[in-house]
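Engineer: How does the following fold in three dimensions:
(chains A and B)
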There are 2 protein chains.
Amino acid sequence: MSSALTDLFPHPIVQAPMAGGVSVPQLAAAVSEAGGLGFLAAGYKTADGMYQEIKQLRGLTSRPFGVNLFMPQPEYPGASTGPTGAANAAPPSGAVEVYAHQLAGEAAWYETELGDPDSGRDDGYDAKLAVLLDNPVPVVSFHFGVPGRDVLDSLRRAGTLTLVTATSAEEALAVERAGADAVIAQGVEAGGHQGTHRDIPENDGSGIGLLSLTAQIREAVNIPVVAAGGLMRGSQIAAVLAAGASAAQLGTAFLATPESGANALHKQALTNPLFARTELTRAFSGRPARGLVNRFLREHGPYAPAAYPEIHHLTSPLRKAAAKAGDAQGMALWAGQGHRMARELPAGQLVEVLLGEIDAARTALSDGGDGR
Amino acid sequence: MSSALTDLFPHPIVQAPMAGGVSVPQLAAAVSEAGGLGFLAAGYKTADGMYQEIKQLRGLTSRPFGVNLFMPQPEYPGASTGPTGAANAAPPSGAVEVYAHQLAGEAAWYETELGDPDSGRDDGYDAKLAVLLDNPVPVVSFHFGVPGRDVLDSLRRAGTLTLVTATSAEEALAVERAGADAVIAQGVEAGGHQGTHRDIPENDGSGIGLLSLTAQIREAVNIPVVAAGGLMRGSQIAAVLAAGASAAQLGTAFLATPESGANALHKQALTNPLFARTELTRAFSGRPARGLVNRFLREHGPYAPAAYPEIHHLTSPLRKAAAKAGDAQGMALWAGQGHRMARELPAGQLVEVLLGEIDAARTALSDGGDGR
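Structural biologist: Predicted coordinates for the structure are as follows:
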């Protein structure tokens, strides 16, 4: 299905933006050069840090690429709500302080202090938007909510295509109504943070599998769907295309490449039998994110409060100290459910291999009579 | 991919066995007559009840069909383990009694007694196997564990093909090693009980999405894979075929048909906006099963113990009384994540519609250049 988005890059492969230093310009450039769509992750960066990466990427490729922004987290209900009115459920009073108390032993162990939970809720959103309007990029995607129509309109006038993550058909409808050019259907299999628009703990456990979600969103909206979550093989990309997606977004598959900026311990952990399964947890950030089950997640996940980004700020020094100490058991090892299928191929070569697998799956499917 | 299993029926569509009176002979006959594989569900029935249904089905169709058995639940560790050695984790001492106490108000409300939690752990497994060896059927599938190699060998000698459910690549390997003819890859999207071989509460939250699971199992074993979980459209069936499955198994899609024996309230609830989401819960049976979130699930799910089949027996009179009272809020409304896409078509017509959708998806995929 042709669209402004898919006309931008020849192959139906999008490299997922992975914040925290993973989606470096070298990775995005390699994917875009191979005919996919590379992505930078502006999350947790300053507006200037983001701008420097964009400049660096432009020096590496003249192909289209994207930049991902985290939506600002509105104050909790009771306070004024944010631009979308989509406030998260408020954590119980004192919940962040209690969690900080529960993490005191971690801070002592890693010989560091806990971070300040009130280090900011907006991730420099306005400043980043200003940079992206002054220096337009081909694609901007949004996570954790829907930008205002004015924001999407300004980006369109600047020549930028916009994508917004959705984890349900209702969220996809909100994305379409706001005027985005495409919606990212993020299945429960996805590594890292679920892009759920509002974090409501009572909905934990209702995360939707990608194949179910893709069909539900495909029938709910008319804009193109980019399917994300657990995709590691070309046969799976062919599968989401058959289910109505226009492209597939892969994170963990690219995290394992030499170009990715992920910590070496993180890359190794993906295929280490010690880390047999993944789980959605609030332990590291206060918002559900999928990571390999390690000591920190197992220990603190069960009582970590729904308080993003407070918990992200609180645990930031712990995660840094664990990485410095070479202790994967204390790091946030974000990974999708397909992590064991990760391949260490260079990113451009991975795109080529995936394209071959897509073709093979398509041929097998069309030769199969009734599909077999 | 041709195999003894797929050679048995022309179309890659299996009707999932749904215990509790849903998979009646009329439904299985309609699906088998349409060229899919219909299934009876022996779970919760007596061996003779199962036999009567088989006779009835044989009167309705001469096409191949399957019968599903629940594996007996071994005593908890400490007691002797069952044939596969795969005992579930033991519930904390007194957990069943505590839950019974917590359900006392339900019993009073529905004017009934709670059931006896110790009404049996083996679901008449040996007696049912004896019937199936005396009167062989084309296909037998197993849920909740792997039968002994001797059982699978006896069935093979009787001319019966065997399938066993797996929810991970490790479980699929155990299925292949035991000598089954095919493995059912059951994604976390699936309605009803997850067929996990051992119920280990600490693994809650690690359920794998179907598209990820299908690829993982496809690479782990050489036997054919039947993909199950959340499949409602032919495009999704084409998708799992592209991902390497040999057939797709659909439950909720057939639950909604007029031939299914599901309670009318259950059928209506599938597309009732009142029931917006599903969740895996132990509230009704003590083992994780996916149902529409209703009052009973919301209220009791958070503390229901891992104790199957004790909790199944305990809540059985409550569920019956709720159904009799016409109260969907107290029933086990098993449903997969695609429930809102349910269509009320007759089962045979549904198979025809799905086949048309598979063809359309395959054509779109092969016309798509790079898949679009």
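Engineer: Output the below-cut-off pLDDT ranges for the stretch 201-350 of chain A.
Structural biologist: Applying pLDDT under 70 to the stretch 201-350 of chain A flags no residue at all.
Engineer: Residue numbers of it in contact with chain B?
Structural biologist: A:203, A:205-206, A:208-213, A:215-216, A:218-219, A:229-233, A:235-244, A:246-247, A:277-280, A:293, A:336-338, A:340-341 (Cβ under 8 Å from any Cβ of the partner chain). For glycine as for every other residue, the C-beta is placed from the backbone atoms N, C-alpha and C.
Engineer: And the residue lying closest to A:Phe144 once chain neighbours are set aside, how far from A:Asp122?
Structural biologist: In this structure, A:Phe144 finds its nearest non-sequential neighbour in A:Met71, 4.3 Å apart by Cβ to Cβ, 6 or more residues apart in numbering or on different chains. Distance, A:Met71 to A:Asp122, using Cβ to Cβ, to the nearest Å: 9 Å.
Engineer: higher neighbour count, these two?
Structural biologist: Neighbours per residue (other Cβ atoms under 10 Å in any protein chain shown) separate A:Met71 from A:Asp122, with A:Met71 holding more: 24 against 15.
Engineer: My guess is that one contacts A:Ser141. True?
Structural biologist: No - look at A:Met71 against A:Ser141 with Cβ atoms under 8 Å: they stay out of range, at 10.8 Å.
Engineer: Tell me which residues of the longest helix anywhere in chain A come out buried.
Structural biologist: Ranked by residue count, the top helix of chain A under DSSP state H comes out as helix A:347-367. Of all the residues in helix A:347-367, those buried under the rule 16 or more other Cβ atoms under 10 Å in any protein chain shown are A:Ala347, A:Gly348, A:Leu350, A:Val351, A:Leu354, A:Leu355, A:Glu357, A:Ile358, A:Ala361, A:Arg362, A:Ala364, A:Leu365.
Engineer: And the fifth one, what's its pLDDT?
Structural biologist: According to the per-residue confidence, A:Leu354 scores 98 in pLDDT.
Engineer: For it, give me its contacts.
Structural biologist: Applying Cβ atoms under 8 Å, 6 or more residues apart in numbering or on different chains to A:Leu354 gives the contacts A:Ile13, A:Arg233, A:Gly234, A:Ile237, A:Leu250, A:Ala253.
Engineer: Roughly how far does it sit from A:Leu255?
Structural biologist: On the measure of Cβ to Cβ, A:Leu354 and A:Leu255 end up 15 Å apart.
Engineer: same question, the fourth one
Structural biologist: Here A:Val351 is placed at a distance of 15 Å from A:Leu255 (Cβ to Cβ).
Engineer: Please apply the same query to A:Asp7.
Structural biologist: 28 Å.
Engineer: Which residues of the stretch 1-150 of chain A lie near chain B?
Structural biologist: Taking Cβ under 8 Å from any Cβ as the criterion, the stretch 1-150 of chain A approaches chain B at residues A:Met1, A:Ser2, A:Thr6, A:Pro10, A:His11, A:Pro12.
Engineer: got those as CSV, with pLDDT and distance to B:Met331 columns?
Structural biologist: Converted to CSV, these look like this (pLDDT from 0 to 100; distance: Cβ to Cβ, whole Å):
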residue, pLDDT, distance to B:Met331
A:Met1, 56, 41
A:Ser2, 74, 47
A:Thr6, 91, 45
A:Pro10, 97, 51
A:His11, 97, 48
A:Pro12, 98, 43
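Engineer: now these as TSV including neighbour count?
Structural biologist: Formatted as TSV, the residues of the stretch 1-150 of chain A next to chain B follow (neighbours: other Cβ atoms under 10 Å in any protein chain shown):
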residue	neighbour count
A:Met1	14
A:Ser2	11
A:Thr6	21
A:Pro10	16
A:His11	23
A:Pro12	28
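Engineer: Okay, strands next: where are they in chain A?
Structural biologist: Taking DSSP state E as the test, the strands found in chain A are A:13-15, A:38-41, A:65-70, A:139-143, A:161-166, A:182-186, A:192-193, A:225-228, A:247-250, A:278-281, A:289-292.
Engineer: Of all these, which one is nearest B:Val96?
Structural biologist: strand A:278-281 (26.9 Å; Cβ to Cβ).
Engineer: So A:Leu152 is in contact with A:Gly179, correct?
Structural biologist: Yes - A:Leu152 lies in contact with A:Gly179 (Cβ under 8 Å); the separation is 4.6 Å.
Engineer: Any idea how far stretch A:58-70 is from the middle of the chain?
Structural biologist: Remark: stretch A:58-70 is offset 16 Å from the chain centroid, using Cα atoms, centre = their mean, to the nearest Å.
Engineer: do stretch A:59-72 as well
Structural biologist: 13 Å.
Engineer: Kindly report the same for stretch A:209-227.
Structural biologist: Put simply, stretch A:209-227 sits 17 Å off its chain's centre (Cα atoms, centre = their mean).
Engineer: which parts of it are buried?
Structural biologist: Neighbour-count burial for stretch A:209-227 [16+ other Cβ under 10 Å]: A:209-218, A:220-221, A:223-227.
Engineer: what about it, how long is it end to end?
Structural biologist: With Cα to Cα, to the nearest Å applied, stretch A:209-227 spans 11 Å between its terminal residues.
Engineer: Next: stretch A:58-68.
Structural biologist: End-to-end distance of stretch A:58-68 (Cα to Cα): 16 Å.
Engineer: same deal with stretch A:30-44?
Structural biologist: From its first residue to its last, stretch A:30-44 covers 23 Å (Cα to Cα).
Engineer: list the buried ones in it?
Structural biologist: A:30-43.
Engineer: TSV for the residues you listed, including distance to B:Gly330 and pLDDT?
Structural biologist: Shown next, in TSV, are the buried residues of stretch A:30-44 (distance: Cβ to Cβ, whole Å; pLDDT from 0 to 100):
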residue	distance to B:Gly330	pLDDT
A:Ala30	56	98
A:Val31	52	98
A:Ser32	55	98
A:Glu33	59	98
A:Ala34	55	98
A:Gly35	55	98
A:Gly36	51	98
A:Leu37	49	98
A:Gly38	52	98
A:Phe39	48	98
A:Leu40	51	98
A:Ala41	47	98
A:Ala42	49	97
A:Gly43	44	96
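Engineer: Quickly check the residues you listed for the two that are furthest apart.
Structural biologist: So, the buried residues of stretch A:30-44 by Cβ to Cβ: farthest apart are A:Gly35 and A:Gly43, at 25.6 Å.
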